[in-house]
Structures are given as structure tokens and as C-alpha cells.
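>>> just need the structure, nothing else, for what follows:
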Amino acid sequence: MIMRVYALYERSRCILAILVFMAAGMTVVAFWAVTSAAVVNAVPTQQHMIGCPGGPLSFAKRIDLSAAWGGAATF
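Numbering: from 1, shown residues only. Got it, this is the predicted structure:
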């Protein structure tokens, strides 16, 4: 997508720099968000087995994952 936008704006170096900066920032935030969350060792119950696999997520993990997906959606 970066290459298409770069070509669309007639190979503008400014546009390329902005897009590369945004992609690098999004990658750093996503990597930090996924790797920084603490692991919660919750004992799954039958109630938690319904829905998404892996059991419930802690509040911190939900915030971290939403930051990772928010960065991808923004880009």
C-alpha cells in the first residue's frame, strides 16, 4: 500500500517519509503492546469456555491488544 500511495503522489519523498514513519511507529506500538502484557494464569471454567478461545483477558491485556489493532486500523 505504501508503494501505491507513493506512486499516486508522483514519487514524492515527503509522502514516502510520512508513510514509512507511520508504518514504523505502528509496528513498534504493536510489538510493544503484544509483548508487554502480563500473562494471567486464570483457571478456566465452563462459563469461560464459551466464546473466544483462551479464556478471559485481563484489563491490561485488552488495552494492549486494542492498541495494537488500533495502530493497524489507523495505518
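>>> for residue 36, see how far away the residue nearest to the spatial centre of the chain is.
The chain has residue 68 as the residue nearest its centroid, 1.9 Å off, counting by C-alpha atoms, centre = their mean. Distance of residue 68 to residue 36, given as C-beta to C-beta, to the nearest Å: 10 Å. Yep, even glycine has a C-beta here, placed from its N, CA and C like the rest.
>>> ok, longest helix in this protein?
Looking across the chain with DSSP state H, the single longest helix is helix 13-36.
>>> buried stuff in that helix?
15, 19, 26, 29-30, 33 (16 or more other C-beta atoms under 10 Å).
>>> make CSV out of those residues and add distance to residue 7 and pLDDT.
As requested, these are exported to CSV (distance: C-beta to C-beta, whole Å; pLDDT from 0 to 100):
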residue, distance to residue 7, pLDDT
15, 10, 92
19, 12, 91
26, 21, 84
29, 27, 80
30, 26, 80
33, 31, 75
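>>> output the contacting helices and strands for the lowest-mean-pLDDT helix or strand in the chain.
Using mean pLDDT, DSSP states H and E, helix 59-74 stands out as the lowest-scoring helix or strand of the chain, at a mean of 76. Judged by 3 or more C-beta pairs under 8 Å, 6 or more residues apart in numbering; DSSP states H and E, helix 59-74 is in contact with helix 13-36.
>>> and the angle from the helix it packs on to helix 59-74?
160 degrees (axes from the mean of the first three to the mean of the last three C-alpha atoms, to 10 degrees).
>>> surely the residue nearest to the centre of the chain touches residue 30?
Yes. Between residue 68 and residue 30 there is a contact at 4.1 Å, judged by C-beta atoms under 8 Å.
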